[in-house]
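In: Following is a predicted model, sequence given first.
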Amino acid sequence: MQSMDQHLARQLLSLRHDIHQLRLRRSCQEHRELLDDLQSDLEEQEELSDVLDLPSNMLHDTPLKQLGVTRMNISARRFSTC
């Protein structure tokens, strides 16, 4: 009976570890996609700035503020929503 309990406990720990790894991978993938989207938005805005006469501060602040990241949060290495 004790060996069956230990076996079940190992299985549960293994499942817990697998779930944690899947969540971590999904989170990393979502962050990677978010950064890719932000980078493409910045590239598009830089291309538009060549054609249009936009202020330079508008080009750099807007995408980060849309995501809820402010300059103070970046310097403190803490991210929060606005």
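Out: Nice, I can see it. Not measured: the values here are computed from a predicted model.
In: quick one: contacts for residue 32?
Out: Listed by CB atoms under 8 Å, 6 or more residues apart in numbering, the contact set of residue 32 is empty. Glycine gets a C-beta too; all of them are placed from N, C-alpha and C.
In: Remind me which helix or strand it belongs to.
Out: helix 2-51 (DSSP states H and E).
In: Any idea which helix or strand in the protein has the lowest mean pLDDT?
Out: helix 71-75 (a mean of 53; mean pLDDT, DSSP states H and E).
In: just for the chain, where's the confidence low?
Out: 52-82 (pLDDT under 70).
In: same thing but at 90, please
Out: 1, 32, 34-82 (pLDDT under 90).
In: how near is residue 4 to residue 14?
Out: 16 Å (CB to CB, to the nearest Å).
In: now do residue 32
Out: For residue 32, the distance to residue 14 - CB to CB - is 27 Å.
In: try residue 45
Out: 47 Å.
In: Which of those two has more residues huddled nearby?
Out: residue 45 (16 against 10; other CB atoms under 10 Å).
In: how close does the more buried one get to residue 4?
Out: Taking CB to CB, one finds residue 45 at 61 Å from residue 4.
In: repeat for residue 49
Out: 67 Å.
In: between those two, which one's more packed in?
Out: Between residue 49 and residue 4, residue 49 has the larger neighbour count (other CB under 10 Å), namely 14 against 8.
In: Residue 15: how many residues sit nearby?
Out: Residue 15 has 10 nearby residues by other CB under 10 Å.
In: ditto for residue 41
Out: Around residue 41 there are 14 residues (other CB under 10 Å).
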